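# dropping the sequence and predicted coords here.
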Amino acid sequence: MAAISAAFFGTMIITGIVAYLVLATSSVLIGGLQSWAQSTASYVAIPPPYTAGLYQFIFLNNIGHFWNPIRIWVWIPFVGAFQLGYELLFNAVLIGAVASFVSMTKGPIYTIAGLVPHGVIEIPAFILEFTGLARWHVSTTRALYAKLSGQPIDRPLLRQGVKDTITLSLLSVALFAVAAYIETFITPHFLGR
C-alpha cells in the first residue's frame, strides 16, 4: 500500500507542478483548454448537482475503473497488472493537471473547495482498490507460476490473497459511495452552485 500511495501521490504532485509551469508560460494554452472544456459540455451529458443522476454518474465512473465489463481484463493475472499501472498513473496525472488548471483559472481556494471535501475519501478509495488488485495479481501470478513449474500451489497463501482482495475492494466501493455523495451534495455548495 505504501508503494502504491507513493507512486500515486508522487505522480500527482509532479504532474501538478509540470502542468502549472507549462500553463504559466502560455496564456494561449489556458484559453484553448478553457474553450475545449466548455465545448465538451455539449456532448458529455453530466447531470446537474444535487441529483441522484449525478451521484450515480460519479459513483459508477469511479468504480467502473475496476468493475466495468469493458475493463474486466484488469483482473487477468499478470497481464492486468499493466492496466492497473496505467490506471494508477492516468488518475494521478489527471488529478494533478486538473488541480493546476483550475488553480490558475479559478484560484487555489476554488480548487481546494472543489477537490478536498470528496478527495480525502476518494483518493484513499482508489489506493485501496489499486492495492487490492496488486494483491490479486501477486497471489494469482504466484499460484500460476507454481502450477506451471510443477510445484504445489500454496493454497492458504492464495486464499489469503483472494480474501485480502475482496476486503480491500469492498472497502474501496464503500468509500467511493461516500465520496460520490460528498461530490454530489456537498462540494457544489462549497463552489457556490
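That came in fine, so what should we check first?
# which residues of this structure score low on pLDDT?
Within the chain, the ranges that satisfy pLDDT under 70 run 40-43.
# residue most distant from the centroid, it?
Ranked by distance from the centre of the chain (Cα atoms, centre = their mean), the top residue is residue 150, with 37.9 Å.
# tell me the secondary structure at that residue.
coil (DSSP: H, G, I helix; E, B strand; the rest coil).
# what distance do you get for it to residue 131?
In this view, residue 150 and residue 131 are 31 Å apart by Cβ to Cβ, to the nearest Å. Every C-beta, even on glycine, is put in place using the N, C-alpha and C of the backbone.
# same deal with residue 71?
For residue 71, the distance to residue 131 - Cβ to Cβ - is 17 Å.
# of the two, which one has the most company?
Legend: neighbour count by other Cβ atoms under 10 Å for residue 71 and residue 131, higher for residue 131 (20 against 14).
# in what helix or strand does that one lie?
Assigned by DSSP states H and E, residue 131 belongs to helix 108-148.
# right, and the helix or strand after that helix?
Assigned by DSSP H and E, the successor of helix 108-148 is helix 155-185.
# can you tell me what sits against the helix or strand just after that next one?
Downstream of helix 155-185, the first helix or strand assigned by DSSP H and E is helix 187-190. When contacts are defined by Cβ atoms under 8 Å, 6 or more residues apart in numbering, helix 187-190 is touched by residues 49, 50, 113, 114, 117, 118.
# please look at the third one and residue 193 and confirm they touch.
No - distance between residue 113 and residue 193: 10.8 Å, which falls outside the contact criterion (Cβ atoms under 8 Å).
# those two - which one has more neighbours?
Taking neighbours as other Cβ under 10 Å, residue 113 and residue 193 compare with residue 113 leading, 17 against 9.
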